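> Provide a 3D model corresponding to the input given below.
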Amino acid sequence: MAFRWKFWERERKYDSLELFREIFGGTRSWAGKEITLQTAMQVSAAMACGRVISEGVAMLPWKLHQKSGRQILTAPEHPLYDKLAIAPNPLQTAFEFQETIGLHLAFCFNAYVWTPTVAGQLDALYPLEPGWVKVNYRWPDLPSYEVRVGDGRGPIRMSAAEIWHIRGPSWSSYIGLEFMKVARQALGLSMALEEGQAKLQSEGIRMPGYLSIEGTVTDEQQKKLRAWIEQEHSGSANAGKPMILDRAAKWIETSMSNVDAQLLEQRRLAIEEVCRYMRVLPIMVGHPSNTATYASAEQMFLAHLMYTLGPWARRLEQSADKRLLTRQERSQGFYTKLNEKALQRMAAKDQMEYLARGVLTGIYVRNEAREKLDENPLDGLDEPLAPANTFVGNPPAPTDKPPAPVPE
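Below you'll find the predicted structure:
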C-alpha cells in the first residue's frame with residue numbers, strides 16, 4: 001500500500017492496486033504464514049464467514065419504495081427499481097450482484113460499482129474488483145478514482161459521480177480498513193494449524209523423532225534404513241503399522257503428541273478468532289457451542305440477523321440512497337430497502353398463527369395474509385376484521401332520557 005502523507009500536505013493517496021500487489025506478494029503473520037487474498041479464502045472459517053455475509057445480503061430482496069403520507073408503496077416505474085430488484089447489468093442477476101459486493105465488503109471492506117448513465121439516467125450497475133481501483137483523495141473534496149481493468153487497460157480516471165463506493169468499517173472516512181492486515185494474525189494461525197495437521201497426516205501417525213541403534217551404522221546402511229522407513233511407515237496409508245526393528249533399536253519421539261499440543265482446542269480457537277474478526281457467530285459456519293440448545297440456537301440466528309447482517313444492510317441502504325437517488329427524489333419519499341423479513345421465515349404452524357393473529361387484530365386484511373403465503377386474493381377479503389370486543393362504526397349519540405321500562 002502506498003501512502004503519501006505529510007503534515008504539511010493535504011493530499012493522501014490510497015493505491016488499491018499496490019495494496020493488492022502487496023497482499024498477493026504476501027503479508028507475513030506472527031505464525032510465519034504469508035497472507036494473501038487467495039490463501040485467506042482457503043481458510044475454511046474465513047471463506048465460510050464470507051459466504052455467510054455475502055449470501056445473507058444477497059437473500060434480502062432489495063427494492064425501491066416511495067412513502068407518500070402514511071402510504072408506503074413500491075416504485076416499479078422508477079429506473080432504479082429494476083436495477084436493484086431484477087437485473088443490475090446484462091451479466092448478473094440481483095442476487096449475484098449483491099453476493100459479489102457482499103464478498104468484496106467481507107474480505108476487503110470496500111466495494112466499487114461503476115454507474116454509467118445514458119441521457120442522464122442510470123444505465124447499469126457494474127461491480128469492479130477492488131484491486132482494479134485506485135482512490136485519490138484531497139480533503140475536503142470528493143474522492144476521485146483510477147480504474148485499471150484486469151487485462152491491463154487503463155488507468156481510466158473517473159469521478160465520484162461515476163463510481164459508487166461502498167465503504168465498510170473505516171478509520172479515514174473515505175476508504176475502508178485493510179481487512180487482510182487487520183486480521184492477518186488470526187488467518188495466519190489458522191493456516192499454520194491446517195498445515196501442521198496436513199503434514200502430520202501425510203507422514204503418518206508418528207511424530208518426528210530418531211532411531212537409536214546399538215553399534216555403528218554405515219552410510220549405505222543409513223540410506224537403506226531411511227528408504228525402508230519411508231516406504232513402509234510413511235504416509236497415511238501406512239498409519240498404524242507396527243515397526244519391527246533389530247539390533248535393540250528404539251524409536252524416540254522428540255515432539256509433543258496431538259494431546260500434548262491440544263491441537264483440537266487450538267483449531268477451535270482459531271475458528272473463533274476468524275469469526276470474531278469477521279463478526280459472524282461461530283454457529284453460522286458450522287461451529288456450534290456444546291451448550292447450545294434448540295431455543296438458544298434460534299436466538300443465535302436472530303442475533304446473526306440483527307448484529308451481522310443488520311449493519312451491512314443498513315450500510316448498503318444508506319449508501320444507495322445517498323449515491324443512486326437525487327436530493328429531489330429523496331424529498332419525494334423515495335428510498336431503498338433490504339427486506340430482512342425474507343430471512344425471518346417461520347415454521348408453517350408459527351406462520352399461520354402469526355398471520356391469524358394479525359388478521360384478527362386488524363393489522364392485516366385477509367388478502368394481505370394470503371399474499372404473504374403466495375396465494376391469490378379472493379373477492380370480499382379486503383376489509384379488516386373487527387375484534388368481537390370492539391365497536392365498528394359511529395358510536396350512538398348521548399341521551400339524557402332514561403331507558404324505557406321493560407314490560408313484565
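> C-alpha only now, for contacts and for neighbours.
Noted.
> Below-threshold pLDDT in the stretch 151-300 of the chain: ranges please.
Where the stretch 151-300 of the chain drops to pLDDT under 70, the residues are 197-211, 233-240, 247, 253-263, 290-295.
> What segments of it are strands?
156-158, 163-167, 209-212, 250-253 (DSSP state E, counting those that start in this stretch).
> Can you give the strand pairings for the longest one, parallel or anti for each?
Strand 163-167 has the following sheet partners, assigned by DSSP bridges: strand 110-114 (antiparallel).
> With just CA atoms, put the partner strand into CSV.
Only the C-alpha atoms of strand 110-114 are listed here, as CSV (Å, rounded to 0.1, in the frame of the first residue of the first chain):
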residue,chain,number,x,y,z
ASN,A,110,-14.6,-1.8,0.1
ALA,A,111,-16.8,-2.4,-2.9
TYR,A,112,-16.8,-0.3,-6.1
VAL,A,113,-19.6,-0.2,-8.6
TRP,A,114,-19.4,1.6,-12.0
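> State the mean pLDDT of it.
Mean per-residue pLDDT for strand 110-114: 97.
> Quick check: next helix or strand after that strand?
Using DSSP states H and E, the helix or strand that follows strand 110-114 in sequence is strand 117-118.
> Same list (the strands of the stretch 151-300 of the chain) but as JSON lines, adding distance to R370 and mean neighbour count.
Shown next, in JSON lines, are the strands of the stretch 151-300 of the chain (distance: least, Cα to Cα, whole Å; neighbours: other Cα atoms under 10 Å):
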{"stretch": "strand 156-158", "distance to R370": "48", "mean neighbour count": "13"}
{"stretch": "strand 163-167", "distance to R370": "37", "mean neighbour count": "22"}
{"stretch": "strand 209-212", "distance to R370": "71", "mean neighbour count": "11"}
{"stretch": "strand 250-253", "distance to R370": "70", "mean neighbour count": "14"}
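> Which of those strands sits closest to K224?
K224 sits nearest to strand 209-212 of all the strands of the stretch 151-300 of the chain, at 13.7 Å, using Cα to Cα.
> okay, now the domains of the protein?
1-205+257-327, 209-254, 346-389 (automatic domain parsing).
> Highest mean neighbour count out of these?
domain 1-205+257-327 (a mean of 17; mean count of other Cα atoms under 10 Å).
> Relative to the whole chain's centre, how far out is that domain?
How far domain 1-205+257-327 lies from its chain's middle: 7 Å, per Cα atoms, centre = their mean, to the nearest Å.
> List the contacts of the residue lying closest to S68 once chain neighbours are set aside.
The shortest distance from S68 to any non-neighbouring residue, by Cα to Cα, 6 or more residues apart in numbering, is to G333 (6.4 Å). Residues in contact with G333 (Cα atoms under 8 Å, 6 or more residues apart in numbering) are 65-68.
> Reformat those as JSON lines; add distance to L245, secondary structure and pLDDT.
Listed next are those as JSON lines, based on distance: Cα to Cα, whole Å; DSSP: H, G, I helix; E, B strand; the rest coil; pLDDT from 0 to 100:
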{"residue": "H65", "distance to L245": "79", "secondary structure": "strand", "pLDDT": "95"}
{"residue": "Q66", "distance to L245": "83", "secondary structure": "strand", "pLDDT": "95"}
{"residue": "K67", "distance to L245": "84", "secondary structure": "strand", "pLDDT": "92"}
{"residue": "S68", "distance to L245": "88", "secondary structure": "strand", "pLDDT": "88"}
